[in-house]
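Student: I need the structure of the sequence given here:
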Amino acid sequence: MAEHTRIVSSTPGRTRIKVSRKRRNPEEMARLAEALRASPMVSEVKTNLYAGTLIVHHKEKALADIKAELKDLGVILLAATGIQTSAKSLADAVSDLQNLAGPTLGNILDLKLLVPLGFGALAALQLARRGLEIGGAPWYLLAYFAFESFVRLNKPEEKPATGG
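Tutor: Numbering: from 1, shown residues only. Okay, here's the model as predicted:
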């Protein structure tokens, strides 16, 4: 399974980020650390190349800024471990990839549609090859993934309630 950059732990004032394997080289770790150090919200960044982590000491409300800075550097963060990880991470990763690749591709391809279509195509292929046979990845499971990924990826953004 591919490893992705993710926030492993975060407390007010301190966040530990596990960097993906492809970014675990001295130059890339230094680049990420220097970019984070440049933020006025960050007081210190420690790197551990062998563990592939960045320890960021920051002001209490700086986590959103840190995430935004990493996103600007081209780092796609997965959600911290928890119940929501798989569905929310898929939606976040697809959204981030769409934002990064969309302008390059002229906004022709919509990944929020292509991912479910891919699962749907696999379901149809599996149904055509094996019929209603159960074995491997059955067509109905792939069809469920197609539906579920479409619903999750195209969910309207929740807006915070405003008191009035």
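
Student: C-alpha from now on. contacts and neighbour counts both.
Tutor: Will do.

Student: I'd assumed residue 94 was in contact with residue 112.
Tutor: Yes: between residue 112 and residue 94 there is a contact under Cα atoms under 8 Å: 6.8 Å.

Student: now the strand or helix carrying residue 121: mean pLDDT?
Tutor: Element membership for residue 121, per DSSP states H and E: helix 111-130. If you average the pLDDT over helix 111-130, you get 76.

Student: what does stretch 38-50 give?
Tutor: pLDDT averaged over stretch 38-50 gives 89.

Student: got it, and stretch 66-84?
Tutor: The average pLDDT within stretch 66-84 is 70.

Student: Residues that sit against both of residue 112 and residue 94, list them.
Tutor: Common contacts of residue 112 and residue 94 (Cα atoms under 8 Å, 6 or more residues apart in numbering): residue 153.

Student: Mind listing what's buried along stretch 35-46?
Tutor: By 16 or more other Cα atoms under 10 Å, the buried positions in stretch 35-46 come out as 36-37, 41-42, 44-45.

Student: ends of that stretch, how far apart?
Tutor: Taking Cα to Cα, to the nearest Å, stretch 35-46 runs 12 Å from one end to the other.

Student: what do you get for stretch 52-72?
Tutor: 20 Å.

Student: ok, residues contacting it?
Tutor: Residues contacting stretch 52-72 (Cα under 8 Å, 6+ apart): 12-21, 24, 32-33, 35-36, 41-48, 76-77.

Student: out of those residues, which are inside strands?
Tutor: Mapping the contacts of stretch 52-72 onto strands (DSSP state E) picks out 14-18, 42-48.

Student: Got the domain ranges for the chain?
Tutor: Domain segmentation of the chain under automatic domain parsing yields 6-81, 82-164.

Student: quick revisit: which of the buried residues of stretch 35-46 sit farthest apart?
Tutor: 41 and 45 (11.4 Å; Cα to Cα).

Student: rewinding a little: quick one: the ones in strands among the contacts of stretch 52-72 as a markdown table, columns for distance to residue 122 too.
Tutor: Supplementary listing: the ones in strands among the contacts of stretch 52-72 in a markdown table, determined by distance: Cα to Cα, whole Å:
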| residue | distance to residue 122 |
| --- | --- |
| 14 | 43 |
| 15 | 39 |
| 16 | 38 |
| 17 | 35 |
| 18 | 33 |
| 42 | 46 |
| 43 | 49 |
| 44 | 47 |
| 45 | 44 |
| 46 | 44 |
| 47 | 42 |
| 48 | 41 |
